[in-house]
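>>> model the structure of this input:
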Amino acid sequence: PILSVLEELRDQIALLTPHNERRIAELRQEFSKSAIKELIDVVGLETALPRIVYSMIEKIKSLESPEHVPETVAFQTALDRKLGKENTSMLLKQTIDFLYTKLSQINLEISNVYINQARSLVARNIVEFEQNRFQERLSEGQFNLATILSWIDKMVNSPTTYRLDSSILC
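Okay, here's the model as predicted:
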């Protein structure tokens with residue numbers, strides 16, 4: 001199960017760099033189940049897991065904002081002190097929880113950047129903002145405009161089929 005969790009973490013890290021195919025390929029190679037199994041076979045579980053976890057922490061540090069890096073470094077330092085002294089399975093659970101928290105924090109920061117960018121556009125001209133957003137969604141293939149238009153035509157041509165009447169449509 002830990003291999004699946006590590007692959008999921010890897011995929012979430014890859015989602016944070018969607019247009020960087022080389023980096024995504026590196027992540028998939030470095031944190032694939034086969035690479036992790038091979039490392040465990042070579043150096044053993046007790047040595048392999050900290051290496052993998054530290055490597056993931058480094059990847060996350062490179063993605064997070066500079067103001068959050070000290071928190072990650074402090075966690076890493078505390079993890080160094082605890083390794084070998086505390087229950088490894090408990091440390092692994094805490095570390096995975098920490099990694100998920102960090103990924104959530106990064107996603108929230110990205111969302112806040114988009115919100116702040118949108119806020120200035122909306123404040124200036126909401127119509128232009130909505131038109132641009134619509135064009136982006138259309139170009140990304142998030143919906144098929146022809147399907148939507150044909151559905152609207154069906155509703156207008158036979159409103160009673162959709163429990164509509166002329167006054168509602170007007």
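
>>> tell me the helix or strand right after the longest helix anywhere in the chain.
Using DSSP state H, we find that the single longest helix of the chain is helix 88-124. As assigned by DSSP states H and E, the chain's next helix or strand after helix 88-124 is helix 126-139.

>>> check the offset of that following helix from the chain's centre.
23 Å (Cα atoms, centre = their mean, to the nearest Å).

>>> got it, and stretch 129-145?
21 Å.

>>> avg pLDDT for it?
Computed over stretch 129-145, the mean pLDDT rounds to 81.

>>> about what we covered before: got the buried residues for the longest helix of the chain?
Residues of helix 88-124 classed as buried by neighbour count (16 or more other Cβ atoms under 10 Å): Leu91, Thr95, Ile96, Phe98, Leu99, Lys102, Leu103, Gln105, Ile106. Quick note: C-beta positions are derived from backbone N, CA and C, even for glycine.

>>> just the residues you listed now: which is nearest His68?
His68 has its nearest neighbour among those in Gln105, at 6.4 Å by Cβ to Cβ.

>>> can you tell me the closest non-neighbouring residue to the closest one?
His68 (6.4 Å; Cβ to Cβ, 6 or more residues apart in numbering).

>>> and Ile52, how far is that from Ser4?
From Ile52 across to Ser4, the span is 13 Å (Cβ to Cβ, to the nearest Å).

>>> these two: which is more packed in?
Per other Cβ atoms under 10 Å, whichever of Ile52 and Ser4 has more neighbours is Ile52, with 21 against 9.

>>> now name the helix or strand holding Ser62.
helix 45-63.

>>> phi and psi next, for the residue nearest to Gln105.
phi -100, psi -10 (degrees, to the nearest 10).

>>> burial measure for it, as a count.
His68 - counted by other Cβ under 10 Å - has 16 other residues nearby.
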